[in-house]
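Visitor: Just to be clear, the model below is a prediction. Sequence and coordinates:
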Amino acid sequence: MTPAPHARHGVEELCTEGARLYERALRDGRLTAADAEPAPCLLDFGLLHPAVDDPGLLEPVPPVLALHRLLRTTGDRIAAERRREDRLLGVFEPFLRLDESRATASDTPAVTLLSGMPLINAAITRAMADARRELLCVQPRTSHVGPPPSVHLEAIARDQAFLDRGGRIRTLYQHTLRHAPTVLARYERLRGDVQARTLDEVTDRLILVDHAVAFLPANKERTLALEVRQPALIEYFATTFDHLWRLAVPMHPQAVRQPSLNGVTPRQRAIATLLVEGHTDAVIAARLGMNIRTARVHIAKLAATLGSDSRAQLGYLIARSGILEQERDPT
């Protein structure tokens, strides 16, 4: 039966057979070459060497000499590694200095995840404290029935301080908030350059401070938010806001009423657009920030105005009426 091959190992992990044969060599003074075959590591590590008077016999190297030689080899290797470390430090030192100066100049992360409303509000407050130019906000639909305006006093005070420093606030709301008590109460309290407009549909919540930092939700519950300072993203958010702003209808400081066309209100035109696209009542309600019952009331009035008896006919009459071709004047 062929013996299993000897597994490679280090001297600090001397195998059982090697330890047994080295101990035997120390006790007996010599081993035959055949006896040492199960542990070739003893010759490799210099723990056995051929006898001077008989090369067929192997003699043990005294443990103190073997240990000294192995430790010296280890020490030489450590010293060589330390010299290599010194050379590496010398090579990379100028690169490290360059990277340190660059990191110092841009140590603020481009995107930071904020968790929890206290942390989110604190980050917005810090950004607003240094702001002096412009605050852009997109506020989608919230419940009309909610806590009294007093719960928003902290945010109102923060906004008023910004306005007192000469800043300007522009806010986009969903059209369903045009007459919301909490929104109207907010504008009654603020003094300064404050403007608001409304759209049938807006993006998710966005706060953009001085074209330098933006805050946007990171989950549906809005318990997580992203603080964004990446210049390209900031520019994208600002450009998108300006596009939406030009399409929106003024709400404050002077409200503009959208004209009806052939008895069809602006709200019904928005619904008509989504009906033609084939959306269900539930989707239409969600997109326009209203409950489904209100959406169905508007759909029924639109059908009555256009003389429609069915959903399919309503789509045809909407397309033929030309009500979707009217351009909105946001000025």
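Guide: Received, thanks. Numbering: from 1, shown residues only.
Visitor: W245 - that's part of a strand, no?
Guide: No. Counting by DSSP: H, G, I helix; E, B strand; the rest coil, W245 falls outside a strand, being helix.
Visitor: Now do the same for the residue nearest the centre of the chain: helix, strand or coil?
Guide: Geometric centre of the chain, nearest residue: L113, 5.6 Å, by Cα atoms, centre = their mean. Of the three states, L113 takes strand under three-state DSSP.
Visitor: Mind listing what's buried along the strand or helix carrying I169?
Guide: In this assignment (DSSP states H and E), I169 forms part of strand 168-174. Buried residues in strand 168-174, counted by 16 or more other Cβ atoms under 10 Å: 169-174. In short, each C-beta sits where N, CA and C put it, glycine included.
Visitor: burial of R222, as a residue count?
Guide: Residue neighbour count, defined by other Cβ atoms under 10 Å, stands at 13 for R222.
Visitor: which residues sit in contact with it?
Guide: R205 (Cβ atoms under 8 Å, 6 or more residues apart in numbering).
Visitor: who does the strand holding I169 touch, helix- and strand-wise?
Guide: Contact here means 3 or more Cβ pairs under 8 Å, 6 or more residues apart in numbering; DSSP states H and E; on that basis strand 168-174 packs against strand 134-139, helix 153-164, strand 193-199, helix 231-247.
Visitor: picking up where we left off before, relative to T223, how far out is the residue nearest to the centre of the chain?
Guide: Per Cβ to Cβ, to the nearest Å, L113 is found 11 Å from T223.
Visitor: same thing with P109?
Guide: Per Cβ to Cβ, P109 is found 20 Å from T223.
Visitor: and this protein, what are its domains?
Guide: Residue ranges for each domain of the chain read 11-61, 111-252, 266-325, as given by automatic domain parsing.
Visitor: re earlier: correct me, but the residue nearest to the centre of the chain touches L216?
Guide: No. The criterion here is Cβ atoms under 8 Å, and L113 misses it with L216 at 11.3 Å.
Visitor: what's the overlap in contacts for those two?
Guide: In contact with both L113 and L216: 225-226, using Cβ under 8 Å, 6+ apart.
Visitor: how about the strands in the stretch 1-150 of the chain?
Guide: For the stretch 1-150 of the chain, applying DSSP state E, counting those that start in this stretch gives strands covering 31-32, 48-50, 57-60, 111-115, 134-139.
Visitor: If you count neighbours, what's buried in the fourth one?
Guide: Neighbour-count burial for strand 111-115, with 16+ other Cβ under 10 Å as criterion, is recorded at L114.
Visitor: and the angle for it with helix 231-247?
Guide: Using axes from the mean of the first three to the mean of the last three Cα atoms, to 10 degrees, the inter-axis angle of strand 111-115 relative to helix 231-247 is 70 degrees.
Visitor: Run a quick neighbour tally on the closest residue to I323 other than its chain neighbours.
Guide: Leaving aside its sequence neighbours, I323 sits nearest to V264 (Cβ to Cβ, 6 or more residues apart in numbering; 5.0 Å). If you count neighbours by other Cβ under 10 Å, V264 ends up with 20.
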